[in-house]
Structures are given as C-alpha cells and as structure tokens.
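Peer 1: Quick one, fold the following:
(2 chains)
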Amino acid sequence: MQISIDSRQQDDRTVVEVSGEVDVSTADALDAKLTELTDAGATDLVVDLSKVEFLDSTGLGVLVKTLKHVREHDGSLAVVASSERIAKVFRITGLDSAMPLSATVDEALS
Amino acid sequence: MSDVTLSIPPNAAQVRTARLVAGTAARVAGVGSDSIDELRQAVGEACAQAVLAHRGSGNDDPIDVHMTTTDANFTVRVAAKVDDSASALNSDSHSEDNDVLAADGDSESVDAALAVALIKALTDEVTVSEEDGLTVLTMSWPRSVVS
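Peer 2: Take a look at the predicted model:
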C-alpha cells in the first residue's frame, strides 16, 4: 500500500492532503513531507486525512511531532477527519483536544 | 475450534499483512462486524510495535501471530523479543499516563504510548506475559456468532 501526499496554499494556511494507509511502513514519508514544509516556514497546517483509510500510532506520532514543532513557532495544526474510523483514533488517544478535528477542509479553514 | 498462525518477518510492510489476515480470520470466527475495524487496528498496533522492537535491536527473527477461536472469544497473541521497556509490548509501559504532548520522550516512546492507549481501548481484554524469553501480548474479542 502506497501513500500519496500533496500540499497547497489555501488562504494563509498550508493544506496537506494525504491518501492511502498511514502506518509503520508509510509514516516516514508523511514525516519527511511535514518536516520539509515546516522547515520551509509553513507552520499553520491543515492535514487532510479524509482520503486516509487507516491511521496507526506511528502516523499519530508524526502528527504529535509536527504539532510540537509548529507550536514552537506559534503555529497551528488542524486535522480533517471525515470518517468515524479515523476520528476515533484521535478521540481514544486524547489528541482531538490538541488538534482540532473538522469534517471538511473548508470547516478547518474557517 | 480452529487456530490460525502467521509468521511475519520484522518488515514494516508486512504489518499490513497481519492486519488483513487477522481481520479475515476474526470475521470467519464470528466476531461482530462492528469490532473488525477495532481488531485490525489493535493487531496492527501490536505487530508494528513488535516489528519496531525487532528492527531496533537488529533481530531478524520473525514475529509470530497466533489466532485462536474458543467458544466465547477470538484471541490474538503477538509474540516478539522485546528489550525496550518503553515498548507497547512491555507491561511496564501500560500505565495510565499517556499524555504524549507533555512528555519529553523520543518519537518511539511517543508512538508506544499511543499504541498502548489504542490497544487498551480497542480490545475487550488484553494481557502481557513473558514466555520462553518472548513478550506475548494477548488480545481477545467476544464472538457474536458461536458455532
């Protein structure tokens, strides 16, 4: 299973659209992309997981690392999780209180 | 009752194999469809932590995943050689403190804390034991269809 990651500027935020399964075999690719973006100065991020079919703790760990990094630069990280399956892993781990969850990118940007 | 045994190399890409096999075996065993996604997630978490533990210590030994169907339950046992006390497969890591944002640990300990939280929440019953030098994580789910 491959992972696909694209990014774009929308309003004053960087939207990172992820597709596929984010697990121990693909989390490094997500980490590399988010690190590349934050190193380039993008510290207000919306990570769109609406096309992600599976997300495990290693993927969550990448988001935690990125959140800590953007907070050091007064930035933000919001997550789009339209499916209950993905939203649930945020709720179980309590990360929904640190990363606001939205059902759509427009909602995350508003 | 039927057992299914899977042995995967400590290769991250094979964790998906374990998830898919466990999900299919659970469905055949009569685990309720509402629990299949949770089971796949928990087995994936356990196998990912096992792969990371083997990879981190340069251990090429395979990771054994044993699935057992009893009258009441479907049980998955993941056995791995675990040296790291922070691993999700180690009983010492199963504390109630999972505040990964406040923690100052490395990324692997953050992943392990998140994996523990998910395994505990998604599993009907979970135990950690030591057997023959291996750490064994045993997870159970009730069967909704009893044959």
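
Peer 1: and residue B:95, what pLDDT?
Peer 2: Residue B:95 carries a pLDDT score of 52 in this model.

Peer 1: now residue B:137
Peer 2: Residue B:137 is assigned a pLDDT of 95 by the prediction.

Peer 1: residues in contact with the residue most central in space within chain A?
Peer 2: With distances taken as C-alpha atoms, centre = their mean, the residue of chain A nearest its centroid is residue A:47 (3.2 Å). When the contact criterion is C-beta atoms under 8 Å, 6 or more residues apart in numbering or on different chains, the partners of residue A:47 are A:16, A:18, A:34, A:63, A:66, A:77, A:78, A:79, A:80. Bear in mind the C-beta positions are built from the backbone N, C-alpha and C, glycine included.

Peer 1: Can you tell me which of those are buried?
Peer 2: A:16, A:18, A:34, A:63, A:66, A:77, A:78, A:79, A:80 (16 or more other C-beta atoms under 10 Å in any protein chain shown).

Peer 1: what's the helix or strand for the second one?
Peer 2: When elements are defined using DSSP states H and E, residue A:18 is found to belong to strand A:13-22.

Peer 1: quick one: that strand near chain B?
Peer 2: Yes - counting by C-beta under 8 Å from any C-beta of the partner chain, chain B has neighbours in strand A:13-22: residue A:21.

Peer 1: Now the helix or strand following that strand: buried residues?
Peer 2: Using DSSP H and E, the next helix or strand after strand A:13-22 towards the C-terminus is helix A:27-39. Burial within helix A:27-39, assessed by neighbour count using 16+ other C-beta under 10 Å, is assigned to A:27, A:29, A:30, A:31, A:33, A:34, A:37, A:38.

Peer 1: Mind checking what helix or strand follows the helix ranked longest in chain A in sequence?
Peer 2: When chain A is scanned for its longest helix (criterion: DSSP state H), the result is helix A:57-72. Following helix A:57-72 in sequence order, the next helix or strand is strand A:76-80 (DSSP H and E).

Peer 1: So which elements touch that next one?
Peer 2: Helices and strands touching strand A:76-80, by 3 or more C-beta pairs under 8 Å, 6 or more residues apart in numbering or on different chains; DSSP states H and E, are strand A:44-55, helix A:57-72, strand A:101-102, helix A:105-109.

Peer 1: For residue B:36, find the nearest of these.
Peer 2: Of all these, it is strand A:44-55 that lies closest to residue B:36, at 12.6 Å by C-beta to C-beta.

Peer 1: tilt between the closest one and strand A:76-80?
Peer 2: What separates the directions of strand A:44-55 and strand A:76-80 is an angle of 40 degrees, with axes from the mean of the first three to the mean of the last three C-alpha atoms, to 10 degrees.

Peer 1: What strands line up against strand A:44-55, and which way round?
Peer 2: According to DSSP bridges, strand A:44-55 forms sheet pairs with strand A:13-22 (parallel), strand A:76-80 (parallel).

Peer 1: The longest one: how far from the chain's middle?
Peer 2: Yep, that's strand A:13-22 we're talking about. Here strand A:13-22 is found 6 Å from its chain centre; the criterion is C-alpha atoms, centre = their mean, to the nearest Å.

Peer 1: No more questions from me, cheers.
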